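Trainee: Please work out how this folds:
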Amino acid sequence: AGSAAGATAVALTYPLDLIRARLAVRMSEGPLSRAAWNDAITGGTGRVTVKELYRGLNPTLIGILPYAGIAFFVRDFLNQ
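Mentor: Below you'll find the model as predicted:
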């Protein structure tokens, strides 16, 4: 159940985290403009697709599944 909860949370918030990371890289280059926001959302392709927003989700899920499962298991174990 813990792994499923973690995977669901990651899947729902992944596009927002991706855009946040892209904007963080852009901030190091200087002030953000409308073009910087557009590039962060589109990934530089000029179009927004679901595939582009979820690109890289699989490695993230592979990392979160054991982490979330173990974290919830330990929390439940310690609460008993």
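Trainee: which residue packs closest to the residue most central in space within the chain, ignoring adjacent ones?
Mentor: By Cα atoms, centre = their mean, the mean C-alpha position of the chain lies nearest to Y14, the distance being 2.8 Å. Excluding its sequence neighbours, the residue lying closest to Y14 (Cβ to Cβ, 6 or more residues apart in numbering) is L57, at 5.3 Å. Every C-beta, even on glycine, is put in place using the N, C-alpha and C of the backbone.
Trainee: And that neighbour, what's its pLDDT?
Mentor: L57 carries a pLDDT score of 92 in this model.
Trainee: Spit out the contact partners of the residue nearest to L18 when sequence neighbours are not counted.
Mentor: Leaving aside its chain neighbours, L18 sits nearest to L53 (6.5 Å; criterion: Cβ to Cβ, 6+ apart). Contact analysis of L53 by Cβ atoms under 8 Å, 6 or more residues apart in numbering lists 14-15, 18.
Trainee: how close does E29 get to D39?
Mentor: When distance is defined by Cβ to Cβ, to the nearest Å, E29 is 11 Å away from D39.
Trainee: How about N58?
Mentor: Distance from N58 to D39, counting by Cβ to Cβ: 23 Å.
Trainee: now L18
Mentor: The gap separating L18 from D39 is 12 Å, by Cβ to Cβ.
Trainee: How many neighbouring residues does L65 have?
Mentor: Taking other Cβ atoms under 10 Å as the neighbour definition, L65 ends up with a count of 16.
Trainee: Of all the residues in the helix or strand encompassing it, which ones are buried?
Mentor: With secondary structure defined by DSSP states H and E, L65 is part of helix 57-79. Along helix 57-79, the positions that meet the burial threshold by neighbour count (16 or more other Cβ atoms under 10 Å) are 60-61, 64-65, 68-69, 72.
Trainee: Would you confirm that A11 contacts I64?
Mentor: No - with contacts defined as Cβ atoms under 8 Å, A11 does not count as touching I64, sitting 9.4 Å away.
Trainee: for the helix or strand containing V10, the distance to its chain's centre please.
Mentor: With secondary structure defined by DSSP H and E, V10 is part of helix 2-27. The chain centre lies 2 Å from the centre of helix 2-27; the measure is Cα atoms, centre = their mean, to the nearest Å.
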